[in-house]
Every structure is written in C-alpha cells, then in structure tokens.
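K.L.:
here is a sequence with its predicted model. Questions after.
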Amino acid sequence: ISSAASDVYKRQFLNRLLASANPENVGRDVLVLDIVAAAGRELFDSPGVDPVVQAALHETVGSTLRALGAQSDARAHLEAAIGGYDGAVDDELKALEVRGSLAELLLDLGDLDAADRSIARVEEGLRGAGEPPLWLQMRPLELRAARAATLGDWDEQVELTRAVFDGWLKHHPPGEDNVEVARTNHSNALMAKGLFEQADELLAEGVEAMAQAGLSESPRALTQAMNRAKCAASLGEWAKADQLTEDFEPLAIQVWGHAHPKTLALRTTRATVLEQLGRLEDALAIRRDLLSGSEEAFGPEHVETLIVRNNLAVTLLYLERFEDALEAITPCVEILERSRDESNPMMLLQSRMTLANAYERLGRENEALVVSESVVEQLEGLAGEDHRQTLISRNSLAVLLMKVGRHADAVALARLNIDLAQTGLPGNRLIMFPFRSNYARTLSAAGQHGEAVKQLLQVDGFLRSDAEAADREKARVRELLVQVYGAWGKPEEAARWKD
C-alpha cells in the first residue's frame with residue numbers, strides 16, 4: 001500500500017471516529033469510551049491495510065482505552081499492534097516499545113505470568129538491538145519496578161526506580177523531563193515504602209530544578225508539588241500540607257481538569273488535611289464532589305471511584321455519621337471482593353479496614369474484629385509488618401481488642417506497634433499521636449493507669465512543642481488524661497486537665 005493510500009486510510013478512520021460522536025446519531029450524552037471502543041472494533045475488520053499503519057492505530061486506540069479504564073479491550077489492541085510491528089524491519093524498536101506498554105497493562109490486569117513473558121521479550125529484544133535509545137534501555141528496569149509495586153515488594157521497587165533515576169541523571173541534567181519523570185517515580189516508590197522524609201527531600205530538589213529551567217508551572221512540576229503535599233500530610237506537617245494543597249489545587253484543575261486522577265489525588269490530600277485541621281464539613285464537601293465527578297468520568301466501579309468512596313466513608317466516620325459511613329463503604333468492599341483485582345490488593349485491604357472501623361463505631365465489635373484481624377494478617381504478608389498501612393491498621397486492631405475486653409492482647413499489640421514504628425516510620429509523628437496515645441488507652445483499660453498517664457504526658461509534651469500539631473490532637477490528649485485520671489481515682493488531677 002502506498003504512503004498516499006495510507007494517509008487516505010488514516011483520514012477516513014479519523015473522520016469516522018469524529019462522525020460517530022454526532023449527536024444526531026447518538027445523542028448528547030455519548031461517552032468518549034464508547035466512541036473509541038467502536039472505532040477500535042472497526043480496526044479488526046479492515047483487511048488489506050498496511051499492517052504497520054494498522055498497528056499504529058491499534059496502538060493509539062489501545063493506549064487510549066487503557067487510560068479510560070477499559071483494560072481488557074486495550075489488551076486486544078496492543079497485542080494486535082505488536083503483531084503488526086513484528087517483522088517490520090524499520091519498526092523492531094517500536095514493537096519493543098508496545099510490548100512494554102502491554103506488560104504494564106498486564107500488570108494492571110493482575111496477569112503476572114503474561115506480564116513476565118512480555119517483560120522477558122523486551123529484555124531479549126534489547127540484547128540484540130545494538131544501541132537503542134536510553135529511554136528504551138531503561139524500560140525493563142521500569143517494568144520490573146512496576147511489577148515489584150504490584151506485588152508490594154517495596155524494597156525492590158525503591159532499588160529499581162533509583163537505578164532508573166541514576167541512569168537518566170548520568171546522561172541528562174536535573175530539570176530535563178525524563179530525569180524528572182524518573183525522580184517522580186522514585187519518590188512514589190519511597191512514599192509507598194513509607195519513607196516520606198526521603199521522598200520530600202528528593203522532590204524539593206526536583207521542584208528547584210524545574211524552577212531554574214523555567215518550568216515551575218509545568219505538569220511535571222505540579223506533580224512533584226502534589227507529592228510534596230502528600231508527604232507533608234503523611235508526616236503530620238499539616239500547616240505545610242495546607243499551604244501546598246491550597247496553592248496548587250486551582251492550578252491542577254486548570255492543567256488537568258476536575259476528573260483527572262492527579263487532580264483527584266491532590267484534592268484527596270486537601271480533604272485529608274482539612275480533616276486534620278478540624279474543618280470536617282469542608283472536607284466532606286470535597287469528598288462528595290470528588291465522588292460525583294469520579295462516577296461521571298470513570299463509572300461507579302472504576303478503581304479511582306472506589307478510592308474516593310473509601311475516603312468519603314473515612315470522613316463520615318470523623319463526623320460520627322456512622323450509618324452513612326457504612327452505607328458508603330459497603331458497596332466499595334463488595335465491588336473489590338467481587339472483582340478480586342490482584343493488581344491493587346492494598347485498595348481492598350484499606351477498604352475492608354474502613355468497613356471494620358464502621359462496624360466498631362456502630363457497636364458491632366465482633367464483626368469488626370473478624371475483619372480487622374484478617375486485614376492486619378494480610379497486610380503483614382503483603383506490605384511488611386512495619387509498613388505504614390500495616391502500622392495504622394494494627395493500631396486500630398489494638399483499640400478494638402481493648403473494646404472487646406482482651407486487655408492483655410491489646411496492650412501487647414499496641415506496644416509492638418510502637419516498637420515496629422520506630423523502624424518503619426522513624427521520627428514520624430504517628431508514633432506519638434495516635435499510636436502512643438492509643439497505647440495509653442489500652443494500658444488504662446488494663447488497670448495500668450500510672451503508666452498510661454506517663455505515656456499521655458509524653459504525648460502532650462510532644463504536641464505542645466510541635467508547631468504542626470493540630471488543636472484537635474491536643475484536645476484529644478487532654479480528654480484522655482481526664483478519663484485516665486478519673487478511672488485512677490484522682491478527680492483533682494482530672495479536673496486540672498479538664499480546665
């Protein structure tokens with residue numbers, strides 16, 4: 001087929017794609033996903049077309065469908081693209097590029113065996129490819145890092161993303177796009193492992209490099225600023241996180257739009273910060289707006305929507321609207337358990353822990369205990385016993401054990417959690433609040449009031465000296481001191497803290 005004929009075919013394909021959105025034919029509410037999927041089906045019924053031209057279109061449609069969440073349809077197109085590129089002398093590297101995209105998609109789908117085969121084919125192809133461009137040389141490391149993230153192997157993910165970042169930095173200066181992409185990916189790995197201080201330091205260097213390159217308002221710089229806000233929130237640096245999210249939320253909406261996953265992530269962090277600052281109704285408004293936008297953009301069962309729904313339930317728990325929280329989280333857990341999405345196991349476990357918290361606040365402690373013990377056991381195997389999410393979930397389990405009267409178990413688990421946090425979250429304020437304050441609660445419930453007071457006074461002293469401490473946290477510690485002194489039979493001390 002001639003180049004001119006290829007151009008005609010491409011124009012005809014584009015014309016049919018745009019015509020399929022004609023409101024006279026499909027109405028005004030047609031979805032982009034439906035248009036792209038219909039165009040993609042036509043590609044499979046187009047014999048006699050140059051295979052390389054058809055492969056390029058399959059690649060474009062497949063990548064678009066993946067971005068829209070239609071992973072299974074995307075897989076068929078990417079596999080067709082590889083078939084078209086394979087054997088084309090001028091497109092051997094292109095076939096490797098698409099194999100890399102297919103491997104990422106297979107990881108999304110949880111098909112690890114097929115992903116491993118695709119990654120191996122990329123590595124094999126590169127060994128015989130002479131001197132491929134640097135970005136393609138880095139591809140196997142990036143894919144192995146993505147695989148490690150899927151399996152929750154945070155140590156390997158950190159090691160591999162660091163190797164990619166160092167590889168780019170060896171050949172290109174800071175501020176160059178590929179360097180900053182690699183920096184962002186490495187910071188994501190550090191954050192997944194709970195190393196937020198290291199991630200924040202790395203991101204600060206990236207923000208400075210982008211500013212020096214005149215790119216301080218670029219999408220890449222915005223992503224790094226967004227991740228810095230997440231680090232600040234995770235470290236309990238609420239004033240810093242408040243400032244960052246307030247400054248960059250309008251820019252994120254301008255650059256990406258309301259429904260983009262990165263905008264959703266930034267606004268999610270914003271809502272979390274507002275919760276910690278006691279502005280619960282403002283946080284709830286953001287959560288509801290996010291859920292509405294996510295359902296409209298992605299559908300009710302997309303992973304982005306489920307993340308938003310889980311976070312909405314958490315906010316409702318803060319507001320003590322326990323029935324509403326249970327109503328919000330139950331369908332989220334049901335959808336995740338039905339799909340058994342192996343590419344996102346942490347999402348299911350986090351949602352089940354939110355469900356356990358809702359049960360507990362509604363007085364359904366035995367149901368909560370069954371769910372909570374299962375979640376902590378699975379998190380220890382998946383993420384590690386000192387991972388941030390494991391520590392947070394174990395902290396909740398200790399409180400639950402206290403409430404069902406298993407005081408010795410509760411004290412032992414809360415103490416273990418603090419010890420493990422010294423390794424997993426060194427210097428993190430979570431060790432003080434809420435881990436140590438909840439440890440004090442378990443001690444008091446077990447009759448060890450003196451030790452409980454000692455722990456709470458330590459927390460109170462820390463919060464008084466911490467400029468980032470929220471008033472809500474300080475008030476909660478004073479409230480606990482009143483309760484413990486009251487249980488200890490020291491009403492005068494209780495009254496002092498009450499005042």
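P.N.:
Looks like it arrived, so ask away.
K.L.:
for the rest of this, base every contact and every neighbour count on C-alpha atoms.
P.N.:
OK.
K.L.:
low-confidence ranges in the stretch 301-450 of the chain?
P.N.:
340-344, 426-430 (pLDDT under 70).
K.L.:
show me where it has helices.
P.N.:
Using DSSP state H, counting those that start in this stretch, the helices found in the stretch 301-450 of the chain span residues 303-318, 322-339, 345-361, 365-382, 388-403, 407-424, 437-445, 449-465.
K.L.:
now do the stretch 51-200 of the chain
P.N.:
Going by DSSP H, counting those that start in this stretch, the stretch 51-200 of the chain shows helices at 51-67, 71-85, 92-109, 112-127, 134-137, 139-151, 154-171, 177-192, 196-212.
K.L.:
run the chain-centre distance for the last one.
P.N.:
Pointing back at helix 196-212 there. Centroid separation between helix 196-212 and its chain, computed with Cα atoms, centre = their mean, to the nearest Å, is 19 Å.
K.L.:
now for the helices of the stretch 51-200 of the chain, which one comes closest to Trp256?
P.N.:
Closest of the helices of the stretch 51-200 of the chain to Trp256 is helix 51-67, at 13.8 Å (criterion: Cα to Cα).
K.L.:
leaving out sequence neighbours, find the closest residue to Tyr485.
P.N.:
Spatially, and ignoring its direct neighbours in sequence, Tyr485 is nearest to Ala494 (5.1 Å; Cα to Cα, 6 or more residues apart in numbering).
K.L.:
for the helix or strand that contains Val484, which helices and strands make contact with it?
P.N.:
Assigned by DSSP states H and E, Val484 belongs to helix 471-487. Counting contacts by 3 or more Cα pairs under 8 Å, 6 or more residues apart in numbering; DSSP states H and E, helix 471-487 is packed against helix 437-445, helix 449-465, helix 491-498.
K.L.:
can you give the distance of the last one from its chain's centre?
P.N.:
In this case it means helix 491-498. With Cα atoms, centre = their mean, you get 43 Å for helix 491-498.
K.L.:
contacting residues around the residue nearest to Tyr485?
P.N.:
481-486 (Cα atoms under 8 Å, 6 or more residues apart in numbering).
K.L.:
relative to Val477, how far out is it?
P.N.:
According to Cα to Cα, to the nearest Å, Ala494 stands 12 Å off from Val477.
K.L.:
got it, and Asp73?
P.N.:
For Asp73 relative to Val477 (Cα to Cα), the value is 53 Å.
K.L.:
neighbour count for those two, which is higher?
P.N.:
Taking neighbours as other Cα atoms under 10 Å, Asp73 and Val477 compare with Val477 leading, 21 against 16.
K.L.:
where's that one relative to Ala410, distance?
P.N.:
In terms of Cα to Cα, Val477 sits 19 Å off from Ala410.
K.L.:
just to revisit the earlier point, out of the contacts of Ala494, who's nearest Glu473?
P.N.:
Leu481 (12.6 Å).
K.L.:
correct me, but the closest one touches Gln455?
P.N.:
No. The pair Leu481 and Gln455 does not pass the contact test of Cα atoms under 8 Å, sitting 9.9 Å apart.
K.L.:
between the two, which is the more surrounded one?
P.N.:
Leu481 (29 against 20).
K.L.:
so His387 touches Gly424, yeah?
P.N.:
Yes. Using Cα under 8 Å, His387 is in contact with Gly424, at 5.8 Å.
K.L.:
any common contacting residues for the two?
P.N.:
Contacts common to His387 and Gly424, judged by Cα under 8 Å, 6+ apart, are Gly194.
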